[in-house]
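Novice: Test case, fold it:
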Amino acid sequence: MTTKLRIASSPHEPVAALLDGRVEIDGAETEVFVEPLASDVFRHLLEGRYDVSELGLTYFLRSFDTPDAPFVALPIFPARNFRHSAMFVNTDAGIAGPEDLAGRTVGEFGLYGSDPGVWLKGILRDEHGVAPERCSWVIGGTDHPIPAFDWIPQPVPSGVDVRHAADGQTLAAMLESGELDALLSVDVPRSLLDGTTKKIARLFPDYETVERDYYRRTGIFPQMHLVAVRRELAGETDLLRSIYRAFAESKEIVQRQYREGARKQHMEVITPWFSSHFAENRALLGEDWWPYGLAANRTAIDTFLRYHHEQGLSRRLLTSEDIFAPALLDT
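Specialist: Numbers count the residues shown, from 1 in each chain. Next up is the predicted model:
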């Protein structure tokens, strides 16, 4: 029997071969949807448009923490990013290091407890002693105003000062003016990218060195998004394994292209010296530098689950076994 599946994602490299049809899911007839904005994918999944979809970790957990949790997770991670690079500061605010964030007003992109926000707030607390409740938080868009994400639960723990930016305000402009002391954002402020700012800098100027050291010490390459399926499919063991194999094959196609490209020094890539950068990453992260499956990701996921609970975004402390489909716990 063939199952009809509506599958959605934003256009990440690891899922490209699945989205364009080079990889198929055994036993399924698929209709694929590609949306440029991940937040639109998340919203449309929560509205019931898709059966299998990319979903941000915190978005999944907020839906999982409802009485009739609609989804279960698969240990497939289409988006990852180290997040020390996601914190920006006003250069007049006197913030010389992470410890100086205590008592400051900080902007956060999208919602209180975004995926990068949960990761970096947890790291700031664990490694620098700055808990989220020691800051005031302003939520909004970095270079473009955005409304509150009212399509997802918005838990805010008691004792934490959170407000949304006023209509028409952007977090980057507030940081430039000094209304914000710092900004935690998945988007780099445009003025920093184009060199026009006089007031915005990164909290960790040499963030790559910091992030590589973080990985060496923890073994964590932070996941941002996982793949979620409708709960009605959770008992379909063969189907879930087919979905997992297809996503894994799609990801491996991309990794193999990069490995084989090293033979000719990645002449097809537009970035100079890419091969030396790739070799350095490969030496640090290993041959499978973007792993799927529970075994390779348990430490990182359980760390995120702890952070989510500590930050008041989950009512109880969850583990990987709680959120992932039983059929894939052995991956």
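
Novice: Now do the helices in this structure.
Specialist: For the chain, the helices identified by DSSP state H occupy 16-19, 38-46, 57-64, 115-128, 171-177, 190-193, 207-218, 237-261, 274-285, 294-310, 320-323, in order along the chain.

Novice: Just say which of those is most tucked in.
Specialist: For these, average neighbour numbers computed from mean count of other Cβ atoms under 10 Å are highest in helix 57-64, which has a mean of 24. Quick note: C-beta positions are derived from backbone N, CA and C, even for glycine.

Novice: ok, and what's touching that helix?
Specialist: Defining contact as Cβ atoms under 8 Å, 6 or more residues apart in numbering, one finds that helix 57-64 is touched by 42, 46, 55, 69-71, 73, 111, 113-115, 118, 152-153, 155, 223-226, 228, 304-305, 308, 313-314, 318, 323.

Novice: Select from these every entry located in strands.
Specialist: Secondary structure from DSSP state E places Leu55, Phe71, Ala73, Gln223, Met224, His225, Leu226, Ala228 of the contacts of helix 57-64 in strands.

Novice: show me what contacts the closest residue to the second one other than its chain neighbours?
Specialist: What it means is Phe71. Counting by Cβ to Cβ, 6 or more residues apart in numbering, Phe71 lies nearest to Ala228, which is 4.0 Å off, once chain neighbours are set aside. Listed by Cβ under 8 Å, 6+ apart, the contact partners of Ala228 are Leu45, Val52, Ser53, Glu54, Leu55, Phe60, Phe71, Val72, Ala73, Leu74.

Novice: mind running it again at 10 Å?
Specialist: 42, 45-46, 50-56, 59-60, 63-64, 70-74, 76, 323, 325 (Cβ atoms under 10 Å, 6 or more residues apart in numbering).

Novice: Please compare the ones in strands among the contacts of helix 57-64 by their distance to Glu99 and name the closest.
Specialist: Of all these, the one sitting nearest Glu99 is Met224; the distance, using Cβ to Cβ, is 25.8 Å.

Novice: Surely Val160 touches Glu133?
Specialist: Yes. With contacts counted by Cβ atoms under 10 Å, Val160 reaches Glu133, the gap being 4.9 Å.

Novice: how near is Gly293 to Arg245?
Specialist: Here the distance between Gly293 and Arg245 works out to 11 Å (Cβ to Cβ, to the nearest Å).

Novice: cool, and Val32?
Specialist: Going from Val32 to Arg245 by Cβ to Cβ gives 17 Å.

Novice: Repeat that for Arg212.
Specialist: Distance from Arg212 to Arg245, by Cβ to Cβ: 32 Å.

Novice: returning to that earlier point: what sits in contact with each of Val160 and Glu133?
Specialist: Taking Cβ under 10 Å, 6+ apart as the contact criterion, the residues that touch both Val160 and Glu133 are Gln311, Gly312.

Novice: Dump the helices of the chain to JSON lines, plus distance to Ala28.
Specialist: As requested, the helices of the chain are arranged in JSON lines below (distance: least, Cβ to Cβ, whole Å):
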{"stretch": "helix 16-19", "distance to Ala28": "11"}
{"stretch": "helix 38-46", "distance to Ala28": "17"}
{"stretch": "helix 57-64", "distance to Ala28": "21"}
{"stretch": "helix 115-128", "distance to Ala28": "28"}
{"stretch": "helix 171-177", "distance to Ala28": "41"}
{"stretch": "helix 190-193", "distance to Ala28": "41"}
{"stretch": "helix 207-218", "distance to Ala28": "35"}
{"stretch": "helix 237-261", "distance to Ala28": "7"}
{"stretch": "helix 274-285", "distance to Ala28": "31"}
{"stretch": "helix 294-310", "distance to Ala28": "22"}
{"stretch": "helix 320-323", "distance to Ala28": "23"}
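
Novice: For these, give me a markdown table that also has mean pLDDT and distance to Gly103.
Specialist: Converted to a markdown table, the helices of the chain look like this (pLDDT from 0 to 100; distance: least, Cβ to Cβ, whole Å):
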| stretch | mean pLDDT | distance to Gly103 |
| --- | --- | --- |
| helix 16-19 | 97 | 44 |
| helix 38-46 | 97 | 30 |
| helix 57-64 | 97 | 25 |
| helix 115-128 | 98 | 13 |
| helix 171-177 | 98 | 17 |
| helix 190-193 | 98 | 24 |
| helix 207-218 | 98 | 23 |
| helix 237-261 | 98 | 43 |
| helix 274-285 | 97 | 36 |
| helix 294-310 | 98 | 20 |
| helix 320-323 | 97 | 35 |
